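# got a sequence here, can you build the structure:
(one chain, ligands or ions: 2)
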Amino acid sequence: MSDLTDDLDTSKQKKLYIKTYGCQMNVYDSERMAESLGPSGYVATDTAEDADMVLINTCHIREKASEKLFSDLGRLRPLKLANPNLKIGVTGCVAQAEGAEILRRMPLVDLVVGPQSYHRLPQMEAEVALGKRAIDTDFPLEDKFDHLPKRTALRGPSAFVTVQEGCDKFCAFCVVPYTRGAEVSRPADRLISEVRTLVENGVRDITLLGQNVNAYHGAAPQGGADWGLAELIRGLACIDGLARIRYMTSHPNDMQDGLIAAHGDCEKLMPYLHLPVQSGSDRILRAMNRKHTTADYLRVIERMRDARPDLMISSDFIVGFPGETDADFQETLALVHAVRYGQAYSFKYSARPGTPAAEKIAVPDDVAHARLQELQALLSEQQRALQDEMVGREVSVLYDKPGRREGQMVGKSDHLHAVSVQDPNGHVGQLVRVKVVEAVTNSLKAVPVAL
Ligand code: 5AD
Ligand code: SF4
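Ligands and ions are numbered 1, 2, ... in the order given. Here you go, the predicted model:
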């Protein structure tokens, strides 16, 4: 039988279930892993029960990440006993950090692969099919993106594109510099051709991903000085058919002049910025090794708003960092009042083994918990107020999918609000001008504007 007929023989199809934890980059990685295993005969399935291979794509930022991984693996044990051919793999940042330990403690695990080595999955799967155990948590220099297949399985008009991985900042609480390694940027020409292919396949909206995305510095298409994120955005904006560009996650110190200027004059760059601050206290920011003050952060926000007055700002916060006093926490609340956030994520500090902050004495849990509640109440209030302010305004919505009601379409506004629109003639991928008529919990209702 030829290779081609092998590919077409559906009786040989194997089922792949991937459980994904964590950030958008993990969601992106899971999709790429599924694609890379396609030629090995795998198709995606929604449950572990009927799978031939289960991959757990882990996130080290989650609290008790490795304990949760071990309990997930424990739950897979009966499936493995019932079907000894079931292959189990661990991928992502916990695999990177604790690969050897996972193989030692969990004999049922066949494969461990870190984020820099996903292009080796098909080869590793072949080794596993021969009954071996496979591990790859090296940081090879080769660009894994060169070896991943072209993107095919697209869902809807929006897509993520990883442009940069890793981080050199070493915030005292964070495992990313250890698990994802040093900053590496993908060459601009590769990114332009990846986005062109996406657009040819119906994508109109992209989010550029990176742990420290605004530190992007990729090889320029024609040689010469590296491109920064602003040049990359301007290069991508030239692609006909691409309507929207966003990026995340950024560090305040890497908000360069050119990038701020792009928010003022690049129409395809959306008025939304995720810019984590973590704390509003300079003392805590210093202890966190954030390398910026609250004044630096507020100055960046002010300059961004000068460039783009309707900018929607989002952030990440950590409360209860070791040494945080009530006065420090009050400064965080004051900063939130000063900025007015459209959206935000807030977390109670939890120690990550191997990070400098893990050595410090924690704030009592009940205190940290109460602070988190107070901060989240304020952030929700702001989110709601900014959403209410959208009522009566005209915005653009990119339809992602039909809504639950007859004739309804749902999508995202320029500011990333979820919007539902009564539009019986609407179709997925359409960019429509609408007027917001009502703000409901976590979304807006709108009607098309007659042109
Ligand atoms: N404890 C709590 N939150 C954390 N984050 C990262 N590490 C920790 C930790 N040890 C949060 C930060 C970061 C977001 C992705 O996760 O706010 O910006
Ligand atoms: Fe982690 Fe972000 Fe700090 Fe880098 S900048 S160490 S990814 S929190």
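# skipping its backbone neighbours, what lies nearest the residue of the stretch 201-350 of the chain found nearest ligand 2 in space?
In the stretch 201-350 of the chain, the residue that lies nearest ligand 2 is Q211 (4.3 Å; C-beta to the nearest ligand atom). Yep, even glycine has a C-beta here, placed from its N, CA and C like the rest. Of all residues not flanking Q211 in the chain, C167 sits nearest, at 4.5 Å (C-beta to C-beta, 6 or more residues apart in numbering).
# any idea whether that neighbour is helix, strand or coil?
coil (DSSP: H, G, I helix; E, B strand; the rest coil).
# over to V410?
strand.
# same question, V447
Classified using three-state DSSP, V447 is strand.
# who's in contact with it?
By C-beta atoms under 8 Å, 6 or more residues apart in numbering, the residues touching V447 are 421-423, 434-435, 437.
# of the residues you listed, closest to P187?
Ranked by distance to P187 (C-beta to C-beta), the contacts of V447 are led by V434 at 38.0 Å.
# okay, whatever helix or strand the closest one lives in in CSV with CA atoms only?
Using DSSP states H and E, V434 sits in strand 431-440. Output of strand 431-440 as CSV, limited to C-alpha atoms (Å, rounded to 0.1, in the frame of the first residue of the first chain):
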residue,chain,number,x,y,z
LEU,A,431,-17.2,43.2,9.9
VAL,A,432,-20.2,45.3,10.7
ARG,A,433,-20.8,48.8,12.0
VAL,A,434,-23.3,48.6,14.8
LYS,A,435,-24.9,50.9,17.4
VAL,A,436,-24.8,49.7,21.0
VAL,A,437,-28.3,49.7,22.5
GLU,A,438,-27.8,48.0,25.9
ALA,A,439,-25.1,46.7,28.2
VAL,A,440,-25.8,43.4,30.0
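# pull the residues that contact that strand.
204, 243, 384, 387-388, 390-399, 409, 411, 419, 421, 423, 426, 444-449, 451.
# where do the strands sit along the stretch 101-250 of the chain?
111-113, 134-136, 158-162, 164-165, 184-185, 205-209, 217-218, 227-228, 244-248 (DSSP state E, counting those that start in this stretch).
# quick one: closest of the ones you listed to ligand 1.
strand 244-248 (10.1 Å).
# ok, back up a step: my read: the residue nearest to Q211 touches V184, true?
No. C167 lies out of contact with V184 (C-beta atoms under 8 Å); the separation is 10.2 Å.
# coming back round to it: can I get the strands of the stretch 101-250 of the chain in CSV with mean neighbour count?
What follows is the strands of the stretch 101-250 of the chain, written out as CSV (neighbours: other C-beta atoms under 10 Å):
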stretch, mean neighbour count
strand 111-113, 25
strand 134-136, 20
strand 158-162, 20
strand 164-165, 24
strand 184-185, 20
strand 205-209, 23
strand 217-218, 20
strand 227-228, 22
strand 244-248, 23
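# where among those is the average confidence lowest?
Within these, confidence is poorest for strand 134-136, with a mean of 80 (mean pLDDT).
# which strands and helices sit next to it?
With contacts defined as 3 or more C-beta pairs under 8 Å, 6 or more residues apart in numbering; DSSP states H and E, the packing partners of strand 134-136 are helix 93-105, strand 111-113, helix 121-129.
# name the helices or strands packed onto the second one?
Other helices and strands packing on strand 111-113, by 3+ C-beta pairs under 8 Å, 6+ apart, are strand 87-92, helix 93-105, helix 121-129, strand 134-136.
# out of these, nearest to ligand 1?
helix 93-105 (11.3 Å).
# just the angle between that closest one and strand 87-92, please?
With axes from the mean of the first three to the mean of the last three C-alpha atoms, to 10 degrees as the basis, helix 93-105 and strand 87-92 are set at 140 degrees to each other.
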